[in-house]
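[1] Structure for this input, please:
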Amino acid sequence: MSDFKTAVKLSLPVLGAYWFLGVTYGLLASSMDYPFWVPLCMAILVYSGSAEFIALTILCSAFNPLSAVVMALMVGARHLFYGITMLDRYRGAGWRKPLLILWLTDETFAINYANKGSFVQQLWVSLLDYCYWISGGVMGYWLGSAMGERLLQYLDGLDFVVTAMFVAIFMDDYIRNRTTHISAWLGIGAAAVCLALFGPNQFIIPTMACILLALYVKYRKETR
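    Residues are numbered from 1 along each chain as shown. You can find the predicted model right below:
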């Protein structure tokens, strides 16, 4: 129970963010006249907020599976870095490992990587975040069905909640852990350069490629 209580405390910021975004997602699905099972199944099976928002639009457009795959890859490619980073952390997790991998999101990664709790605690954090997102989408769909567009005007800007949370997590880690300063500046520098070169719509994948290459070179130097 101590692991569960700790997981609840650690995941409370995610609860706020996921409920805000999940409600927005549910409202959007309701306003686009999707049946209830579509956003629910996507929340359970896809479990990628950005990809789910995009999928709602893609499903309403002309059928183009290649475009959908490329878009999902671009949006979700950042999870490659989370997975690589957590390889050592999840080693020895046993039967919990597939669930920890399945439920690994931006926010879950940030919490589990920063706090280094037991496998049980990390699993509780992952499960709680998963439930927060699903429940937020369900509430949003019900609200959207009941109130329609009258509620949408009050939700402008709520998508910034997760961005603000990541800035806070980044600054907290930067202040507390000097060993991550080089990696932090590598990420900031790569993003700034790629943003200038490729523009705001195309810089994500080049940035992640540069970060991966830089971290690999740094890793090779440290292991010699």
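
[2] right, and the helix or strand after the helix or strand bottoming out on mean pLDDT in the chain?
    Within the chain, no helix or strand scores below helix 160-176, which has a mean of 69 by mean pLDDT, DSSP states H and E. Proceeding N to C from helix 160-176, the next assigned helix or strand is helix 181-198, under DSSP states H and E.

[3] chain center to the following helix or strand past that following helix: distance?
    With elements assigned by DSSP H and E, the helix or strand that comes after helix 181-198 is helix 204-222. Here the centre of helix 204-222 is set off from its chain's centre by 20 Å, with Cα atoms, centre = their mean, to the nearest Å.

[4] any idea of the angle helix 204-222 forms with helix 181-198?
    Relative orientation of helix 204-222 and helix 181-198, computed by axes from the mean of the first three to the mean of the last three Cα atoms, to 10 degrees: 150 degrees.

[5] name the helices or strands packed onto helix 204-222?
    helix 79-85, helix 181-198 (3 or more Cβ pairs under 8 Å, 6 or more residues apart in numbering; DSSP states H and E). Where you see a C-beta, it was placed from the backbone N, CA and C, and this is true even at glycine.

[6] tell me what the last one is packed against?
    Think helix 181-198. Contact analysis of helix 181-198 by 3+ Cβ pairs under 8 Å, 6+ apart lists helix 160-176, helix 204-222 as its packing neighbours.

[7] contacting residues around the residue nearest to residue 130 when sequence neighbours are not counted?
    Counting by Cβ to Cβ, 6 or more residues apart in numbering, residue 130 lies nearest to residue 103, which is 4.9 Å off, once chain neighbours are set aside. Residue 103 is in contact with 47, 126-127, 129-130, counting by Cβ atoms under 8 Å, 6 or more residues apart in numbering.

[8] ok, so of those residues, who is nearest residue 204?
    Of all the contacts of residue 103, residue 204 sits closest to residue 47, with 19.7 Å by Cβ to Cβ.

[9] What count of nearby residues applies to the closest one?
    Around residue 47 there are 17 other residues, counting by other Cβ atoms under 10 Å.

[10] Mind checking which of the contacts of residue 103 are in helices?
    When the contacts of residue 103 are checked against helices (DSSP state H), the matches are 126-127, 129-130.

[11] Thanks a lot, catch you later.
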